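Novice: sharing a model prediction with you, sequence too.
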Amino acid sequence: MSTDLRSSASEMIASMRDRLLHGLAQAPDDRLGWSPAEGARPPLELVYRCAFRMKYYAGLITGDEFDRRTPPPPDASRAGAAAAITAACDEIARLIAGLSDADLERQVTAPWGAPCTLASVVNQVVMALGYAQGQLNYVQICYGDMNANIPDSWKQGDVRGAEEAHA
Amino acid sequence: MTTDHRDVVRCMIEHMRDRMTYGLEQTPDERLDWSPHEAAHTPLQVADRCVMYMSYFAAAVVGEQWGPDSLPPPSATRDEAIARITEACDHAARRVAGLSEADLARQVPAPWGQSYPVAFMLEGMMMALGYVQGQLNYLQLSFGDTDPHQPPSWSEGTVRTVV
């Protein structure tokens, strides 16, 4: 593994993609659309929103317009959510891996309205994946699943890099 | 603005410290020890998890042994939790700022047994800070608070730096 921000973040994104996918796979059918309280999001919606957020960050990198306030209605299937998060994570990891040093210094507007560099955006992406994972684990605890649902690939160190996955 | 890996991570630790502490300040007194399920963490417990993760990563990136025995007893008050988060994040930020280029390549063990370069563990810090912030916001959504509680310092660019 490299020590560079881009490669470290890309590796972490691949790891987090695998953990979200594993966590989603562990959710029983009757809990995919369940949440512990009105207003709190169920597992399928959490994963979809995370994929949507990845697309928003991809738009910051590519400069494409993206309205982050209007997420599409979630597909009501586990397979659809898994495909969405896989595609979104692989795309953002690919974009990050391709950033030049000059790109990292480029100023964009952070989701909260302040200026930031693309270098900061790279870490915001990792943070957003952690955010979704924390919420997925929280829902799972609320229906009695006390397992952290860490995928076997983490223990074996064989997380597929995004570019490898596309090869 | 810097693009150095260590500086970018240090800045984000400070941002997330401010968001966690602001989120706790916005939590009503009667919800500090509340959760939507008996097994799920309360806001004070989520705050203590944040302290635990930052303490672990601050030790891991310099190759120190870490164990949960080094943690204080659970936070009993909002002020206690905020003080501990601030101290743990500032300590972690200083550790990150003190890393050399060579340090970033050093392999350190993760809790699940695999070893990674320190540079990867810096991204682990980002992941962990997002993880606890997501849980605090989820709790708040569960009692009807839909505000993501991004602190005013974020939009004003006045985040306090520790280094």
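Specialist: Perfect, I can see it now. Numbering: from 1, shown residues only, chains lettered A, B, ... in the order given.

Novice: quick one: low-confidence residue ranges for chain B.
Specialist: For chain B, residues meeting the criterion pLDDT under 70 lie at B:1-2, B:162-163.

Novice: so the residue located most distally from the centre of chain A is in which element?
Specialist: Most distant from the centre of chain A: residue A:102, at 24.8 Å, with distances by C-alpha atoms, centre = their mean. Using DSSP states H and E, residue A:102 falls within helix A:101-105.

Novice: residues contacting that helix, please?
Specialist: For helix A:101-105, the external contacting residues (C-beta atoms under 8 Å, 6 or more residues apart in numbering or on different chains) are A:5-6, A:61, A:117-119, A:122, B:1, B:3. C-betas here are computed from N, CA, C, even on glycine.

Novice: neighbours of the nearest residue to residue A:54 once chain neighbours are set aside, how many?
Specialist: Spatially, and ignoring its direct neighbours in sequence, residue A:54 is nearest to residue A:88 (3.7 Å; C-beta to C-beta, 6 or more residues apart in numbering or on different chains). Look at residue A:88: counted by other C-beta atoms under 10 Å in any protein chain shown, it has 24 neighbours.

Novice: surely residue A:88 forms part of a helix?
Specialist: Yes. Counting by DSSP: H, G, I helix; E, B strand; the rest coil, residue A:88 is part of a helix.

Novice: surely it meets residue A:59?
Specialist: No. Look at residue A:88 against residue A:59 with C-beta atoms under 8 Å: they stay out of range, at 11.4 Å.

Novice: give me the number of residues near residue A:80?
Specialist: When neighbours are counted by other C-beta under 10 Å, residue A:80 comes out with 15.

Novice: what pLDDT does it get?
Specialist: Residue A:80 carries a pLDDT value of 93.

Novice: how about it, secondary structure?
Specialist: helix.

Novice: one more: residue B:116?
Specialist: Of the three states, residue B:116 takes strand under three-state DSSP.

Novice: so what's it up against?
Specialist: Each residue near residue B:116 by C-beta under 8 Å, 6+ apart is listed here: A:1, B:107-108, B:110, B:124.

Novice: so which of these wins on neighbours?
Specialist: residue B:124 (24 neighbours).

Novice: does that residue touch residue B:56 like I think?
Specialist: No. If you go by C-beta under 8 Å, residue B:124 and residue B:56 don't touch, sitting 9.2 Å apart.

Novice: burial of the closest residue to chain A within chain B, as a residue count?
Specialist: In chain B, the residue that lies nearest chain A is residue B:130 (2.9 Å; C-beta to the nearest C-beta). When neighbours are defined as other C-beta under 10 Å, residue B:130 has 26 of them.
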